[in-house]
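> one predicted model, sequence on top.
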Amino acid sequence: MIKQGNSVTTGSSVLTPDDGLPAHDGTQLSKLSSVINAFEGGAQVMQRQLQEAVRAVADGTYRVDPIMLSRRIVGEALRTV
């Protein structure tokens with residue numbers, strides 16, 4: 001691929017900005033866009049949960065489930081062995 005001014009040579013053909021993208025590239029960009037949007041949505045949910053936890057800790061209402069915590073500690077210990 002060789003870029004010349006506002007056009008790109010891809011071997012046998014030249015694409016200009018007005019030509020748009022080949023169908024395959026458009027499909028790949030669409031898939032990439034979907035993946036990025038999914039990550040963004042997940043990040044927003046995680047941010048919201050973190051903000052709620054920070055508020056609960058600040059208010060003194062945050063409670064730790066001792067059974068869940070002990071299971072997590074044991075699970076992590078077994079995974080590292």
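Perfect, I can see it now.
> now the helices for the chain?
With DSSP state H, the ranges of helices along the chain come out as 23-59, 66-80.
> pull out the buried positions in the first one.
Neighbour counts using 16 or more other CB atoms under 10 Å place no residue of helix 23-59 among the buried ones. Any C-beta I mention is one placed from the backbone N, CA and C, and that applies to glycine too.
> returning to that earlier point: least confident of the helices of the chain, on average?
Here the lowest mean pLDDT among these goes to helix 23-59, at a mean of 88.
> check the offset of that helix from the chain's centre.
Relative to the mean C-alpha coordinate of its chain, helix 23-59 is positioned 6 Å out (CA atoms, centre = their mean, to the nearest Å).
> let me know the pLDDT of Leu15.
At Leu15, the pLDDT recorded in the model is 51.
> any idea how far the residue nearest in space to the middle of the chain lies from Leu32?
The chain has Phe39 as the residue nearest its centroid, 2.7 Å off, counting by CA atoms, centre = their mean. Using CB to CB, to the nearest Å, we find Phe39 at a distance of 11 Å from Leu32.
> what about Glu52, distance to Asn37?
From Glu52 over to Asn37 the distance is 23 Å, taken as CB to CB.
> revised request: answer the last question for Ala43.
11 Å.
> now swap in Val74 and tell me
Val74 sits 37 Å away from Asn37 when distances are taken as CB to CB.
> same question for Ile73.
Ile73 sits 35 Å away from Asn37, taking CB to CB as the criterion.
> next one: Gln28
For Gln28, the distance to Asn37 equals 15 Å [CB to CB].
> for Leu69, same thing?
Between Leu69 and Asn37 the distance, using CB to CB, works out to 34 Å.
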